[in-house]
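[1] Need a 3D model of the following:
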Amino acid sequence: MLPMIFGVPLVQMLVLVFAANFDLKKIDMTVIDQDHSTASQQLITTFQGIPFYQVNQTLSDKATADEILLTGKADMVLMIPADFEKNLVRENSTDLQLIVNAIDGNSAQLVYAYSSRILHAVHRQLIIDLAGPTIVKPDYRIDLTENYWYNNKLDYKWYMAPGILAILVTIIGMFMSGMNLVREKEMGTIEQLNVTPLKKYHFIVGKLVPFWLIALFDLAFGLVIARIVFHLPMVGSPFLLFGLAGIYLISVLGLGLFISTISDTQQQVMFISFFFMMIFILMGGIFTPVESMPQWAQQANRLNPIFYFMKIMRNIILKGSGFTDLLEEFFSLLTLGLLFLGLAMSKYRKTN
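    Residues are numbered from 1 along each chain as shown. Alright, predicted model coming up:
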């Protein structure tokens, strides 16, 4: 149990927060230059000068470029047709073909958005260089000042760290509470406990409180790691965070205990818990926004405790939300906690 208490937070916070990153840091690009002009070279040089783009090869053969894209050696192919510069000088416009590997739809949209903005800027500059500044109509003067709230450095680790902490607390609470009771069944000591004068609620409380405290300790341990390693801020109240985390753990521990009451071996507990964990995590908004899910999935999330706890973690840590801002999450978690705990207590049979 000790390696799980201290080892799991260290591994999850130091590995998953770095690994689970959707930021686009490197774009492998192949260019098909059929014009070989000053304008096409300027366009290629612009992409080469951007750190995110890795222009590996400049080819003239489209078949070779397609091969590179199919084998996964490039994320995008930019095709510069013949007469690229000539059309810019004569007609102030030209055609370009941008082929993006869209197996990962999210990355493909980002690659296309970045590249389109770069191509638009280069196009304007090329027209000015080739045809003179008078050909470009002046835009309206609008000055934009960017100010990002709640994560002004756009550090993706700040977004992922609260989500990984939510997974950590869930794993500790659900697995430990479920495995503990089944362990009693496998060792045969559950019958001895059943014939003691202990009431059912005494037994349930005795089984849940230690893991409730352990999970809160791991949450604090994970927050310390996130603060030291990632400089994660704590904008809101830590007391509110731990208070709502305690409510959340009632539902997680209750679900783990319910799973243990319908299981006979630790292996069964692991498989059933893993089934629920995968659904809860993938639908909880840790990696993808819930708002982009189908309507039926958003309604199903009302029974997902991680969905509420995820909002609590990010809103308190990054936004500084107060209790009144999280009333819906509080009452939802309280309802789910009483529901799961009630199911566990009704399913557990104790003979005095």
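
[2] Just to be sure, residue 79 is in a strand?
    Yes - per DSSP: H, G, I helix; E, B strand; the rest coil, residue 79 lies within a strand segment.

[3] so what's the closest residue to it other than its chain neighbours up against?
    Spatial nearest neighbour of residue 79, excluding adjacent residues (CB to CB, 6 or more residues apart in numbering): residue 97 at 3.9 Å. To be clear about C-beta, it is placed using only N, CA and C from the backbone, and glycine gets the same treatment. By CB atoms under 8 Å, 6 or more residues apart in numbering, the residues touching residue 97 are 77-79, 81.

[4] So for the residue of the chain most remote from its centre, what's the pLDDT?
    Ranking residues of the chain by C-alpha distance from their mean position (CA atoms, centre = their mean) puts residue 90 at the top, at 48.6 Å. Note for residue 90: predicted pLDDT of 78.

[5] which SS state does it fall under?
    Under three-state DSSP, residue 90 comes out as helix.

[6] do residue 35 as well
    coil.

[7] Correct me if wrong: it contacts residue 82.
    Yes - using CB atoms under 8 Å, residue 35 is in contact with residue 82, at 5.5 Å.

[8] Show me which of the two is the more surrounded one.
    residue 35 (20 against 13; other CB atoms under 10 Å).

[9] Tell me which stretches of the stretch 1-150 of the chain form helices.
    Using DSSP state H, counting those that start in this stretch, the helices of the stretch 1-150 of the chain run over 2-11, 17-19, 38-48, 62-70, 84-91, 105-131.

[10] Centroid-nearest residue for the protein?
    residue 287 (2.5 Å).

[11] For burial, what's the neighbour tally of the residue nearest to it when sequence neighbours are not counted?
    Ranked by CB to CB, 6+ apart and with sequence neighbours excluded, the top spatial neighbour of residue 287 is residue 20, at 6.9 Å. Residues within reach of residue 20, counting by other CB under 10 Å, total 17.

[12] what's the answer for residue 230, then?
    17.

[13] likewise residue 265?
    Neighbour tally, residue 265, other CB under 10 Å: 12.

[14] so who does it touch?
    Contacts of residue 265 (CB under 8 Å, 6+ apart): 182, 185-186.

[15] cool, residue 318 as well?
    Going by CB under 8 Å, 6+ apart, residue 318 touches 150-151, 158-159, 162, 233, 235.

[16] For my notes, confirm it occurs in a strand.
    No - counting by three-state DSSP, residue 318 is not part of a strand but helix.

[17] Look up how far residue 159 lies from it.
    Shown here: residue 318 relative to residue 159, a distance of 8 Å by CB to CB, to the nearest Å.

[18] any residues in contact with both of those two?
    With CB under 8 Å, 6+ apart, residue 318 and residue 159 have common neighbours residue 151.

[19] lowest average confidence, helix or strand, in this protein?
    helix 190-194 (a mean of 71; mean pLDDT, DSSP states H and E).

[20] since we're on residue 247, how many residues are nearby?
    Neighbours of residue 247 (other CB under 10 Å): 20.

[21] With adjacent residues omitted, what lies nearest to it?
    Nearest to residue 247 is residue 333, by CB to CB, 6+ apart, at 4.9 Å.

[22] distance of that neighbour from residue 312?
    Taken as CB to CB, the span from residue 333 to residue 312 is 8 Å.

[23] Give me the common contacts of those two.
    244, 248.

[24] and residue 286, that's in a strand?
    No - Residue 286: not assigned to a strand; according to three-state DSSP it is coil.

[25] Give me the pLDDT value at it.
    Residue 286 is assigned 82 on the pLDDT scale.

[26] hang on, the earlier thing: indicate which one of the helices of the stretch 1-150 of the chain is closest to residue 325.
    With CB to CB as the criterion, residue 325 lies closest to helix 17-19 of those, at 25.3 Å.

[27] packing partners for the closest one?
    helix 156-187 (3 or more CB pairs under 8 Å, 6 or more residues apart in numbering; DSSP states H and E).

[28] my guess is residue 174 contacts residue 272, does it?
    No - using CB under 8 Å, residue 174 is not in contact with residue 272, being 9.9 Å away.

[29] The two: who's more crowded?
    Taking other CB under 10 Å, residue 174 and residue 272 do not tie; residue 174 has more neighbours (30 against 19).

[30] Could you measure from the more buried one over to residue 289?
    For residue 174, the distance to residue 289 - CB to CB - is 24 Å.

[31] repeat for residue 85
    Distance, residue 85 to residue 289, by CB to CB: 43 Å.
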